[in-house]
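Peer 1: here are the coordinates; sequence isn't available:
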């Protein structure tokens with residue numbers, strides 16, 4: 001994935017989350033918004049690694065770890081699921097098709113995993 005695409009996807013996702021949940025501004029402020037954008041860079045980094053290694057378990061293991069860390073910081077699992085759904089909506093057309101399909105599949109499986117938790 002090109003750096004420009006990653007930056008665009010992460011920024012668009014963070015903006016979409018904070019527009020949908022304006023109470024996040026009150027709860028976490030500007031610092032939280034910046035972290036949300038950085039978190040989306042991390043999500044995309046792990047998706048890239050999983051794609052490069054042709055191993056979706058890399059992203060699923062990351063998802064389990066992420067959920068544990070964010071839950072300990074007061075972030076509900078539903079927000080992670082919502083974040084991944086937003087990535088699934090924003091990602092198409094911004095990366096090569098093979099990578100896109102792999103990443104969308106990983107995100108879908110991650111959300112299924114989170115819903116089971």
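Peer 2: Thanks, I have the structure now. Because the structure is predicted, anything quoted here is derived from the model rather than measured. Residues are numbered from 1 along each chain as shown.
Peer 1: all contacts plus neighbour counts: C-alpha atoms, from now on.
Peer 2: Will do.
Peer 1: burial measure for residue 67, as a count.
Peer 2: Other residues near residue 67 come to 20 when the count uses other C-alpha atoms under 10 Å.
Peer 1: counting contacts, what elements does the longest helix seen in the chain pack onto?
Peer 2: The longest helix of the chain (DSSP state H) is helix 23-53. Applying 3 or more C-alpha pairs under 8 Å, 6 or more residues apart in numbering; DSSP states H and E, one finds that helix 23-53 contacts helix 3-20, helix 57-72, helix 97-116.
Peer 1: So which of the ones you listed is nearest residue 41?
Peer 2: helix 3-20 (5.7 Å; C-alpha to C-alpha).
Peer 1: Off-centre distance for the closest one?
Peer 2: For helix 3-20, the gap between its own C-alpha mean and the chain's C-alpha mean amounts to 10 Å (C-alpha atoms, centre = their mean, to the nearest Å).
Peer 1: helices or strands up against it?
Peer 2: Contacts defined by 3+ C-alpha pairs under 8 Å, 6+ apart place helix 3-20 against helix 23-53, helix 77-90.
Peer 1: and the angle for the shortest one with helix 3-20?
Peer 2: Think helix 77-90. 130 degrees (axes from the mean of the first three to the mean of the last three C-alpha atoms, to 10 degrees).
Peer 1: Now do the end-to-end distance for stretch 89-105.
Peer 2: Length of stretch 89-105, first residue to last, C-alpha to C-alpha, to the nearest Å: 12 Å.
Peer 1: per-residue confidence averaged over it?
Peer 2: The average pLDDT for stretch 89-105 rounds to 97.
Peer 1: quick one: which helix or strand includes residue 93?
Peer 2: Secondary-structure assignment from DSSP states H and E places residue 93 in no helical or strand segment.
Peer 1: residue contacts, it?
Peer 2: The contact partners of residue 93, by C-alpha atoms under 8 Å, 6 or more residues apart in numbering, come to residue 100.
Peer 1: now residue 3: how far from residue 10?
Peer 2: Distance of residue 3 to residue 10, given as C-alpha to C-alpha: 11 Å.
Peer 1: Residue 33 now?
Peer 2: Using C-alpha to C-alpha, one gets 11 Å for the distance from residue 33 to residue 10.
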